[in-house]
Each structure stands twice: as structure tokens, then as C-alpha cells.
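Give the three-dimensional model of this entry:
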Amino acid sequence: MKKLLILVVFLYYTSTIAQIDANALLGLPGATTTDINGISTTTIQEGSLIFDTVKKKVFQFNGTEWKELLESPSVFAKTGNYTLVDTDNHNILTFNSTTDVTLTVPAGLSIGYNVSIYQLGAGKVTVTGAAGVTIKNRLLRFKTAGLDAGAGIVCTATNTFHITGDLKRN
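Purely as a prediction, here's the structure:
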């Protein structure tokens, strides 16, 4: 009897999954980043969702601001100097170069922005801030220490970033 019940339940769920109709899927409203940022926060209900058509990500309104719903980070390979961009947020950058490279942190990235970096080649990665950006580390270390060194960079206040990890002085 138990085996029969399990078989019936299994067959029911299998047939249900096979019958999902694309028209029954939930679609979210979409808007550009500029349009989303232009919505008056007094008219938005907490918990509202929207798809950012520029960033290709889903955001949720938390009562005060739009917060990105997280997804698994991606790994992006770099071989030379690089300037962070908004879409690097929550991702991993690997630097594979035979010579030293510079990673520049630009102004305007959102508070909470974070990225991990790893040195895969002999070239060390020096982290520097663009004009108006402050990079902080307790021991004034802003360069990866060597092969396989890693570091995390987090925006803790407007245009202020903290870096931590396997670092050495410049």
C-alpha cells in the first residue's frame, strides 16, 4: 500500500511539472535604471519588485530604497588594468598578468557594493581610487601580496571603500 501511494504521488508531481505553461509564469514590470531611480518612494509599497532592463537584474523595494536580489556571483578574467563598473557588484575578478596591474575604483558605486579580486599571475594588483574616492585599509596595504592572493573591496559609505585580504604595502 505504501509503495502504491508513493508511486501515485510521484506520478502526480511528474505530470504537474511537465504541464507548466509559459503563460502562467509571473512577469515583472521592467524599467531602466534611470526610470526606477525616478519613482517617488512615497508611492512604492514595501516588497515591490521590478526588473532593471539595463542591469538585467531584479530589485526589491525595502521601504526606503531598491535593493538588488542577489544571485550567484560570476567570475570574470582580467589581464590588464581595469576600472570597476556597477555590474561587477557581487562578482569575482581574477587578474592573470605577468606584469603588475592597477584596479581603479570609480566614484558613484552604491553603498554595499562589493567585489572579490584574485591574483592568478605573477603581476600584483594595486587597488586605487579615482578622483573623490577613498580606499581604506588599517595597515595601508593596497596591493595583492603575490600569486593566489585574494582581497575583498566593499563600499561602506558614499565613495569610501574598505579593502581587506592578502595584501602588502605598495
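
Next, the contact list for Phe142, please.
Thr126, Val127, Thr128, Ile135, Ile163, Leu167, Arg169, Asn170 (C-beta atoms under 8 Å, 6 or more residues apart in numbering). C-beta: built from backbone N, CA, C; applies to glycine.

Of the residues you listed, just the buried ones, ChimeraX syntax please.
The buried residues among those can be selected in ChimeraX (16 or more other C-beta atoms under 10 Å) with this line:
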select :126,127,135,163,167
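
Moving C-terminal from the strand ranked longest in the chain, which element do we reach first?
Across the chain, the strand with the greatest residue count (assigned by DSSP state E) is strand 150-157. For strand 150-157, the following helix or strand on the C-terminal side (DSSP states H and E) is strand 160-165.

For stretch 154-164, what does the pLDDT average out to?
Averaged over stretch 154-164, pLDDT sits at 98.

hang on, the earlier thing: quick check, nearest of the contacts of Phe142 to Thr87?
Val127 (18.4 Å; C-beta to C-beta).

re the thing from before, the longest strand of the chain: which residues count as buried?
In strand 150-157, counting by 16+ other C-beta under 10 Å, buried: Gly150, Ala151, Ile153, Cys155.

That strand pairs with which strands, and in what direction?
If you go by DSSP bridges, strand 150-157 pairs up with strand 114-119 (antiparallel), strand 160-165 (antiparallel).

Adding distance to Pro29, write those strands out as CSV.
Converted to CSV, these look like this (distance: least, C-beta to C-beta, whole Å):
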stretch, distance to Pro29
strand 114-119, 27
strand 160-165, 33
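
Deepest in the core, which of these is it.
When those are scored by mean count of other C-beta atoms under 10 Å, the highest mean neighbour count falls to strand 114-119 (a mean of 21).

Pretty sure Ile36 sits in a strand.
No - secondary structure assignment places Ile36 outside any strand; it is helix (DSSP: H, G, I helix; E, B strand; the rest coil).

Helices along the protein, start to end?
Along the chain, counting by DSSP state H, helices occupy 2-18, 33-37.
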